[in-house]
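Peer 1: I would like to see how this sequence folds:
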Amino acid sequence: MTIRNIKNFILPALLLTAPSTWAETIDCTAITTLPTVITVQGIYCLTGDLATSMTSGDAITINTNNVTIDLNGWKLGGLAAGAGTLTRGIYAWQRKNITIKNGTIRGFHTGIYLKDNSPYTASQGHLIEDIRADKNTYTGIDVRGRGNIVRRNQMVDTGGTTAGNYAYGIQLYGPGVRALNNDISGTAATGTGNAYGMYLYVADGAVVEGNRIDDVSSGSGYIYGLHISGANDVVVEDNRINGLSSTSNTFGVLMVNSSDLLVAGNRIISAVFGIYYTATTGKYMDNLTSNVTTPFTGGTPVGTNS
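Peer 2: Below you'll find the predicted structure:
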């Protein structure tokens, strides 16, 4: 067989085996009006852009377990409610096995909020992937519970709420969470509010890997690329954090009241503090900083760090 014939054979075969997740979900229950409450397990989807100007409540509420919402590349919008909105785009309380994927969630107080209470183990098994959370005024994605995965999402221009002054790109609470290959850009708190590109709380056994965080800012509050609090046995690896506002309270990676955190292969550019362990134990290795006033504080250095 000639090289040209081999190519002609391989290309169609590759196209036929492309991942099915790229395709539009059509075997689903269409969501066509807002607000919507889901009470039956199954697969739901958007068939066009949906928007609301409601200033409180939830555009889509999930009141059962085992639900998939595929936005199918469409937009769920709440921008018309303005900066004082308290509306959440998609909300669930202590549910299990929810998947939300494939589209844009714009202009809500919180784009996605899958809620649980301490110790964050009632809610579990959620997957949030391929979501663009754009211009949400407080938080892009907030997922709480056990064993949840948040991957390949894009947070853009989060912050500006007039109902407070903090801002979070992604928040994750609970054990065994995974934050993988997310892009977070333009998280801006106002006044004395703190700004967090990504925030993890009591997330024992978490993995934070391959995320890219930039342009986190505040008026006069604290600024964190990645903030981890009360979490043990966490791996923080191969993340890229840059463009943090240059106030005196700027941290690339801050770890508080945690133990046995491994921080490896991260790159931090332009911050006052690079990797900072406080009341925390763990090791860091093969991390690289540039334009960072105090690159490393606390912890135990191993390997090469610069």
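
Peer 1: give me the low-pLDDT residue ranges for the stretch 201-306 of the chain?
Peer 2: Low-confidence segments of the stretch 201-306 of the chain (pLDDT under 70): 246.

Peer 1: And the helices in the stretch 1-150 of the chain?
Peer 2: 3-16 (DSSP state H, counting those that start in this stretch).

Peer 1: can you list the weak-confidence ranges in it?
Peer 2: Looking along the stretch 1-150 of the chain with the criterion set at pLDDT under 70, you get 1-23.

Peer 1: Apply 50 and report the result again.
Peer 2: Applying pLDDT under 50 to the stretch 1-150 of the chain picks out residues 1-22.

Peer 1: tell me the contacts of residue 266?
Peer 2: 236-241, 252-253, 275, 287-288 (Cβ atoms under 8 Å, 6 or more residues apart in numbering). Where you see a C-beta, it was placed from the backbone N, CA and C, and this is true even at glycine.

Peer 1: What separation do you get for it and residue 287?
Peer 2: Remark: distance between residue 266 and residue 287 (Cβ to Cβ, to the nearest Å) = 5 Å.

Peer 1: hang on, the earlier thing: now the contacts of residue 266 in JSON lines, please, with extra columns for distance to residue 126.
Peer 2: Listed next are the contacts of residue 266 as JSON lines, based on distance: Cβ to Cβ, whole Å:
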{"residue": "236", "distance to residue 126": "21"}
{"residue": "237", "distance to residue 126": "22"}
{"residue": "238", "distance to residue 126": "23"}
{"residue": "239", "distance to residue 126": "22"}
{"residue": "240", "distance to residue 126": "25"}
{"residue": "241", "distance to residue 126": "25"}
{"residue": "252", "distance to residue 126": "28"}
{"residue": "253", "distance to residue 126": "25"}
{"residue": "275", "distance to residue 126": "29"}
{"residue": "287", "distance to residue 126": "30"}
{"residue": "288", "distance to residue 126": "33"}
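
Peer 1: returning to that earlier point: between residue 266 and residue 287, which contacts overlap?
Peer 2: When contacts are counted by Cβ under 8 Å, 6+ apart, residue 266 and residue 287 are jointly contacted by residue 275.

Peer 1: of the contacts of residue 266, closest to residue 186?
Peer 2: Nearest to residue 186, judged by Cβ to Cβ, of these is residue 241 at 13.8 Å.

Peer 1: Tell me the spacing between the closest one and residue 185.
Peer 2: Distance from residue 241 to residue 185, by Cβ to Cβ: 11 Å.

Peer 1: Residue 204 too?
Peer 2: Counting by Cβ to Cβ, the gap from residue 204 to residue 185 is 28 Å.

Peer 1: ok, now residue 171?
Peer 2: Distance of residue 171 to residue 185, given as Cβ to Cβ: 17 Å.
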